[in-house]
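**Q** fold the following for me, if possible:
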Amino acid sequence: MQELVMIQTAQLCMLSFIFTATPGVFVAGSYKAIAVLYFDNDRYLTNVGSGGSFGNLTGRLFWGWSCDNFGWKFSLLALSSCMSALLFTYRLIASSESEFLFALWTALIYFKYGG
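**A** The predicted structure follows:
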C-alpha cells in the first residue's frame, strides 16, 4: 500500500477523484437549500432530487462506457470540464427562476457526479 501512494499515477487518480466527487456531493446535499431562495414549491424540489437520481444512474452508465471506449484520461478531462462549467453557472441558473433550467442543471450535475 505504501508503494502505491508513491506512484504518480495513483496520486493523480486519487486527487482527480477527490476534485470531481466533491462538487457532486455538495450539490446533492445542498441543491434544495439553494433552490429554496428562488422556488417555493416543495413538491417541485423533491422532483428535482428524483430527476437528479436518474441523472446519476445514467451518468454511471455513460461514464463507464466512455472510459471503456475513450480511456480514463479523456473521460476525466471531459467530466471535469463539464462539471466546472455547470458549477460556475449553477447559481446564475437558479437566480433565473426557470424551473426547467434549474432541474436540468441539477440533473446534469448529478449525471457528472455519476462519473
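**Q** what's in contact with stretch 80-97?
**A** Here stretch 80-97 makes contact (C-beta atoms under 8 Å, 6 or more residues apart in numbering) with 16, 19-20, 23-24, 27, 34-35, 37-39, 101-102, 105, 108-109, 112. Bear in mind the C-beta positions are built from the backbone N, C-alpha and C, glycine included.
**Q** name the next helix or strand downstream of the worst-scoring helix or strand of the chain on mean pLDDT, please.
**A** Across the helices and strands of the chain, the lowest-confidence element by mean pLDDT, DSSP states H and E is helix 2-6, at a mean of 66. The C-terminal neighbour of helix 2-6 among helices and strands, as given by DSSP states H and E, is helix 8-35.
**Q** any of the contacts of stretch 80-97 buried? List them.
**A** Burial by neighbour count, judged by 16 or more other C-beta atoms under 10 Å, picks out 16, 20, 23-24, 27, 34-35, 39, 102, 105, 108-109, 112 from these.
**Q** how about those, which pair is most distant?
**A** Farthest apart among the buried ones among the contacts of stretch 80-97 by C-beta to C-beta are S16 and F39. That separation is 33.2 Å.
**Q** give the contact list for P23.
**A** So P23 contacts 83, 87, 109, 113 (C-beta under 8 Å, 6+ apart).
**Q** so, low pLDDT: which residues of the protein?
**A** Residue ranges of the chain with pLDDT under 70: 1-2, 4-5.
**Q** tell me which residues in stretch 41-60 are buried?
**A** For stretch 41-60, burial by neighbour count (16+ other C-beta under 10 Å) applies to 45, 48-49, 52, 55-56, 59.
**Q** now swap in stretch 59-78 and tell me
**A** Using 16+ other C-beta under 10 Å as the test for burial, stretch 59-78 gives 59, 62-63, 66-67, 75-76.
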